[in-house]
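Visitor: Coordinates for the following, if possible.
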Amino acid sequence: MEIKKKEKEYAELINFVQQKYGINNFETTDEIVQNYLSGTLFDIDNIETSIERIFALVCDRYGVTKDSIKSKSRKLGVTEARQMIVYQLMTGLKLSSLKAAKVVNRDHSTALYAKEVIENRIATNQLLIDLPF
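Guide: Predicted structure coming up:
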């Protein structure tokens, strides 16, 4: 009986994440929930895996590709997704602005600006898209 209860709770959590954040990809949602439950969404010991997780979550939610994030595109969706990735790299993984910028093919001042923009949007509730971080 306990297993059925846990399966139901897990299914409800998956459904909640999919509805709240509009993520349609089950594997991505499952990964978010698994990481949430285990407390390892950001794995400081494995930076590369965490960076890939952040890219997967943000790209899935914003409907952009990793290549577009690293491109010179200035389209609004790509720009905010890029800023969100930089923000998560700097706050979640504690990367320096230089390292975070390198991940998205930008310079450190752009990374500092991206972090500031997302912090301001969070403070004023003006994010285009909410993310489960």
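Visitor: Confidence-wise, which helix or strand of this structure is lowest on average?
Guide: Ranked by mean pLDDT, DSSP states H and E, the weakest helix or strand in the chain is helix 26-38, scoring a mean of 59.
Visitor: next SSE after it?
Guide: helix 47-62 (DSSP states H and E).
Visitor: helices or strands next to that next one in the packing?
Guide: Secondary-structure packing of helix 47-62 (3 or more CB pairs under 8 Å, 6 or more residues apart in numbering; DSSP states H and E): helix 26-38, helix 66-70, helix 76-91. All C-beta atoms are positioned from the backbone trio N, CA, C, and that covers glycine.
Visitor: For it, buried residues please.
Guide: For helix 47-62, burial by neighbour count (16 or more other CB atoms under 10 Å) applies to 47, 50-51, 53-62.
Visitor: The residues you listed into TSV, with extra columns for distance to Val78 and pLDDT?
Guide: Converted to TSV, these look like this (distance: CB to CB, whole Å; pLDDT from 0 to 100):
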residue	distance to Val78	pLDDT
Ile47	23	72
Ser50	21	80
Ile51	18	85
Arg53	19	83
Ile54	15	86
Phe55	13	89
Ala56	16	87
Leu57	15	85
Val58	11	87
Cys59	10	89
Asp60	14	85
Arg61	13	84
Tyr62	8	87
